[in-house]
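Visitor: what follows is a predicted structure for the sequence shown.
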Amino acid sequence: ILSAEALGEAGAALEKAKLLWNRSEHFKAIKEAEQWLSLSHTPELRQIAQLHPNAKRKSSSSSVPGMQRTTSTPHEELDAKALLLLCKWVSITGQRQPGEVLSLYDKAIQRNPNSETAWYRMAKFFDTLFQDSCLRQLGEGHVHEGLGNYGAAGQYLFQSNGKAKNWVAQESKHFLTYLPPAMEGYSKALRFGHKHIYDCLPRLLALWFNFGGQNVQNYANSTSSDCIARITAKEQREMEHKITCAIKNAYETLPPHYWLTTFSQLSSRIVQHHRETHELLRKIFVQVVGEYPQITLWYLAILLRYGF
């Protein structure tokens, strides 16, 4: 990295930031990414780097070691990578409020709307907010199997960071409001790549089965706090529609072999009383069984043997 910096390689700055992160020097890594963005030729990115009040900015590349660029030099690809790294890191450390983190993810996706990783990370962050809100609003005694395990992106909500704790105490959104954007993000991440398929698709299906369909109505008014905003009947219908659209878009765009990776999960939830959920699940079954009959019929034979 030092040799690359000496040669004026622009990407050395981001590699240095990633090295600092791997060494657990998290705030130094974030500062490196912010300094890179502060020298961007795009005013919007320079503004993003200036949002954090504790960050000290430099006005020229000569004053920032290893930053071989000026505000007039375009580095679109490196800017996009730096922005995505910043999104990921501040969401883990809790250095910015959740609203600011979501704004960063929105800007990252605007710059690269076909990025699988950008959609995946934004979906993970929405999922984290969903899980955290669900645990607090329903209480520990109502932990649902659909919550799954917390990933690194959600740990900061339970740490002693002052901003995160203040946001948790003041937050008034119903936990279900975070569900549709999380599912949409997982669906679009799968559309643009398969790097995260073993995380995205099982999680997408778990959220659909456990919280979609008629479960939206069941959970809409189940919060234990009067401070949480209630979901109206119209909002419930809109939420059900968005959840169904996320799965429908995945069904229409994903190849059959994607669904094959989660066929055991699909077959275990084959009995559905919600009409739209049942119909959509049936279409997925028909598609996968038609494409891979020799593999999938073994799963179905087990179900038939036990009378499902």
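Guide: Sure thing, it's come through.
Visitor: mind saving the C-alpha coords of stretch 185-193 as PDB?
Guide: As requested, the backbone C-alpha atoms of stretch 185-193 are provided in PDB (Å, rounded to 0.1, in the frame of the first residue of the first chain):
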ATOM      1  CA  GLY A 185     -33.800  -5.000  -1.100                       C
ATOM      2  CA  TYR A 186     -33.200  -8.800  -0.800                       C
ATOM      3  CA  SER A 187     -35.200  -9.400  -4.000                       C
ATOM      4  CA  LYS A 188     -33.300  -6.800  -6.000                       C
ATOM      5  CA  ALA A 189     -30.000  -8.000  -4.700                       C
ATOM      6  CA  LEU A 190     -30.800 -11.500  -6.100                       C
ATOM      7  CA  ARG A 191     -31.900  -9.900  -9.400                       C
ATOM      8  CA  PHE A 192     -28.500  -8.300  -9.900                       C
ATOM      9  CA  GLY A 193     -26.200 -11.200  -8.800                       C
END
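Visitor: okay, buried residues for it please.
Guide: With burial defined by 16 or more other C-beta atoms under 10 Å, the residues of stretch 185-193 counted as buried are 185-190, 192. Placement of C-beta: from N, CA and C, glycine included.
Visitor: redo these as a markdown table? Include secondary structure, distance to residue 287 and pLDDT.
Guide: Compiled in a markdown table, the buried residues of stretch 185-193 are given as follows (DSSP: H, G, I helix; E, B strand; the rest coil; distance: C-beta to C-beta, whole Å; pLDDT from 0 to 100):
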| residue | secondary structure | distance to residue 287 | pLDDT |
| --- | --- | --- | --- |
| 185 | helix | 23 | 96 |
| 186 | helix | 19 | 97 |
| 187 | helix | 16 | 96 |
| 188 | helix | 20 | 96 |
| 189 | helix | 20 | 96 |
| 190 | helix | 15 | 97 |
| 192 | coil | 20 | 95 |
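Visitor: which of those sits closest to residue 201?
Guide: The shortest gap between residue 201 and any of the buried residues of stretch 185-193 belongs to residue 190, at 6.2 Å (C-beta to C-beta).
Visitor: name the nearest residue to the closest one, sequence neighbours excluded.
Guide: Spatially, and ignoring its direct neighbours in sequence, residue 190 is nearest to residue 200 (5.2 Å; C-beta to C-beta, 6 or more residues apart in numbering).
Visitor: element containing the one you found?
Guide: Under the criterion DSSP states H and E, the helix or strand holding residue 200 is helix 197-211.
Visitor: and for residue 301?
Guide: For residue 301, the host element (DSSP H and E) is helix 293-305.
Visitor: before we move on, what about residue 172?
Guide: In this structure, residue 172 sits in neither a helix nor a strand according to DSSP H and E.
Visitor: which residue ranges of the stretch 51-200 of the chain form helices?
Guide: Assigned by DSSP state H, counting those that start in this stretch, the helices in the stretch 51-200 of the chain fall at 76-93, 98-111, 116-138, 162-170, 179-191, 197-211.
Visitor: which other helices and strands contact the helix holding residue 301?
Guide: Where contact means 3 or more C-beta pairs under 8 Å, 6 or more residues apart in numbering; DSSP states H and E, helix 293-305 is packed against helix 263-268, helix 275-291.
Visitor: quick one: it to helix 275-291, angle?
Guide: Counting by axes from the mean of the first three to the mean of the last three C-alpha atoms, to 10 degrees, helix 293-305 points 130 degrees away from the direction of helix 275-291.
Visitor: I'd like the average pLDDT over helix 293-305.
Guide: For helix 293-305, the mean pLDDT works out to 82.
Visitor: can you pull the buried residues of it?
Guide: Buried positions in helix 293-305, judged by neighbour count with 16+ other C-beta under 10 Å: 296, 299-300.
Visitor: kindly export that helix (C-alpha atoms) in PDB.
Guide: Listed next in PDB are the C-alpha coordinates belonging to helix 293-305 (Å, rounded to 0.1, in the frame of the first residue of the first chain):
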ATOM      1  CA  PRO A 293     -38.100 -33.100 -11.500                       C
ATOM      2  CA  GLN A 294     -35.500 -35.800 -10.600                       C
ATOM      3  CA  ILE A 295     -34.200 -33.700  -7.600                       C
ATOM      4  CA  THR A 296     -37.400 -32.100  -6.300                       C
ATOM      5  CA  LEU A 297     -39.600 -35.100  -6.400                       C
ATOM      6  CA  TRP A 298     -37.600 -36.700  -3.600                       C
ATOM      7  CA  TYR A 299     -38.500 -33.800  -1.400                       C
ATOM      8  CA  LEU A 300     -42.200 -34.100  -2.400                       C
ATOM      9  CA  ALA A 301     -42.200 -37.900  -1.800                       C
ATOM     10  CA  ILE A 302     -41.300 -37.300   1.800                       C
ATOM     11  CA  LEU A 303     -44.200 -34.900   2.200                       C
ATOM     12  CA  LEU A 304     -46.600 -37.400   0.600                       C
ATOM     13  CA  ARG A 305     -45.400 -40.100   2.800                       C
END
